[in-house]
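Q: My questions are about this predicted structure, shown below with the sequence.
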Amino acid sequence: MKALKERILKDGKCLDGGILKVDNFINHQMDPILMKSMAVEFVRRFASTDINKILTIEASGIAPAILVGYLLELPVVFAKKKVPSTMDNMLSTKVFSFTKNRTYDVCVSKDYLRPGDKVLFIDDFLANGNAAKGILDLVEQAGAELVGMGFLIEKGFQAGGNELRKMGIHVESLAIIDSLDNNKITLR
Ligand code: 5GP
C-alpha cells in the first residue's frame, strides 16, 4: 500500500536487531487518517471472505482492528497479554516475543471467541509469526475458524509470513520489508 510504504520510508527508524520503529504513526503516536486508509485496504483485500469477528492482540493491533470492525460493522475482540483475575472461562496460550525476549500468556474469554466464529486476525507486525500462531491456537481451542490474517507491516526477512502461507492461511500484509540491513529500510 503506497501511502504506508511512503510513511515507513519517511518516519520509520531502524533499531538494532532488525527492529523497525514506527512509533511516530503506529505504535505510540497514531495517525488515524492513515489507520483508516489501511483499514479500508484490509476490507478491500478480504472482501470475498466470510467474516463475523475481528480478533487482535493488545496493544498495537487494537487501533487497526477497531477500524476494520467499524467499517465491516463487526465486533472486535482483543486477546489479553495478562490473565485478568476477573476472567474465568478463558482460553490461553503462550507466545514468545523476540522484541522483548520473553514468553508471555495470551488469553481470550470463551464468551467472545466461540465455536463457529469466522475470525479475521489483524495486527501491526508480522515477524517470526509467534503471535499469529498463538492466535491460531486460541481460535482452534475455541472451535472457531481462522479465515484470514492482515498485518500492517510484514518483515519479509523473518520466517512468519512464509510459514503462515504454507499452512494455507490467507495472509495480507500492507507493506513488506525485505531488509533493514545497515540501517536502511528496503521495501518489497
Ligand atoms: P512475531 O510474533 O511475528 O515474531 O512478532 C510480532 C509482534 O512483535 C508484533 O505484534 C509486534 O508487536 C512485535 N514486533 C515484531 N517485529 C517488530 C518490529 O520490527 N517493530 C515493532 N515495533 N514491533 C515488532
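A: The structure has been received and is ready for your questions.
Q: So the residue positioned nearest the centre of the chain versus residue 183, what's the distance?
A: Nearest to the mean C-alpha position of the chain, by CA atoms, centre = their mean, lies residue 123 at 1.5 Å. Taking CB to CB, to the nearest Å as the measure, residue 123 falls 25 Å from residue 183. Where C-beta positions appear, they are placed from N, C-alpha and C, glycine not excepted.
Q: re earlier: quick check: next helix or strand after the strand or helix carrying the residue nearest to the centre of the chain?
A: Using DSSP states H and E, residue 123 maps to strand 118-126. The helix or strand immediately downstream of strand 118-126 is helix 130-142, counting by DSSP H and E.
Q: Just the buried residues of that next one, please?
A: By 16 or more other CB atoms under 10 Å, the buried positions in helix 130-142 come out as 130-139, 142.
Q: helices or strands up against it?
A: Other elements packing on helix 130-142 under the criterion 3 or more CB pairs under 8 Å, 6 or more residues apart in numbering; DSSP states H and E are strand 53-57, strand 76-79, strand 90-97, strand 102-109, strand 118-126, strand 145-155, helix 160-166.
Q: What pairs with the first one, parallel or antiparallel?
A: Meaning strand 53-57. strand 76-79 (parallel), strand 118-126 (parallel) (DSSP bridges).
Q: re the thing from before, which of the helices and strands packed on helix 130-142 is buried the deepest?
A: For the helices and strands packed on helix 130-142, average neighbour numbers computed from mean count of other CB atoms under 10 Å are highest in strand 53-57, which has a mean of 25.
Q: which other residues reach it?
A: Strand 53-57 has contacts (CB atoms under 8 Å, 6 or more residues apart in numbering) with 62, 64-66, 68-69, 72, 74-79, 81, 106, 108, 113, 117-123, 131, 134-135, 139, 144.
Q: next helix or strand past that strand?
A: Trace forward from strand 53-57 with DSSP H and E and the next one is helix 62-72.
Q: how much does that following helix deviate in direction from strand 145-155?
A: Here the directions of helix 62-72 and strand 145-155 differ by 130 degrees (axes from the mean of the first three to the mean of the last three CA atoms, to 10 degrees).
Q: Quick one: mean pLDDT over helix 62-72.
A: The average pLDDT for helix 62-72 rounds to 98.
Q: Done for today, thanks.
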